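Q: the sequence and its predicted three-dimensional model are supplied below.
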Amino acid sequence: KDEPCKERTGPQWQVEADYGFKTYDAEAQKTIVAAVDVGAMSCEIFTNQQFYQLDFSRMVQLNPLSLKERTIRVLGGAPPTPLMPKLNFRRLMMEFRQVEKAMVAKEEPGLLFCEPVEDNLMEWTVQMSF
């Protein structure tokens, strides 16, 4: 049977135990919330005399000794999502065009090739010579 959510103001993190969801202790809650607040997609906690790794992208708890995984959930808050850097696409494209012009004009001899990987502006293929 699921353990009722204790009275609190923030999100409540729980793990699915053999008998239902169990709320993490206060120290583990602090560690989890601190990790989520900085955009981490995983963290390590110490609870019940044991270290565990939490993977927020998969919403699981991993026991590194036994490799057993258990489902985790958050009540009173949304599951964390990875932080995406804030990009100024206008500036990014302006800088890309400047680099492109310099390459065509042979003004930048060290940069031979620069292009985004597929449609992903967060990953670029760059060839340079030194």
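A: Thanks, I have the structure now.

Q: residue contacts, the residue nearest the centre of the chain?
A: Nearest to the mean C-alpha position of the chain, counting by Cα atoms, centre = their mean, stands residue 41 at 3.2 Å. Shown in contact with residue 41 (Cβ atoms under 8 Å, 6 or more residues apart in numbering): 55-57, 80, 82. (Each C-beta comes from the backbone N, C-alpha and C, glycine too.)

Q: strands - which of those land there?
A: Secondary structure of the contacts of residue 41 is defined by DSSP state E; positions in strands are residue 55.

Q: since we're on the residue nearest to residue 64 when sequence neighbours are not counted, how many residues are nearby?
A: Of all residues beyond its chain neighbours, the one nearest residue 64 is residue 53 (5.9 Å), with distances taken as Cβ to Cβ, 6 or more residues apart in numbering. A total of 14 residues lie near residue 53 under the criterion other Cβ atoms under 10 Å.

Q: what sits opposite residue 53 in the beta ladder?
A: With DSSP bridges applied, residue 53 shows beta-bridge pairing to residue 44, residue 62.

Q: thought residue 27 was touching residue 48?
A: No: if you go by Cβ atoms under 8 Å, residue 27 and residue 48 don't touch, sitting 11.1 Å apart.
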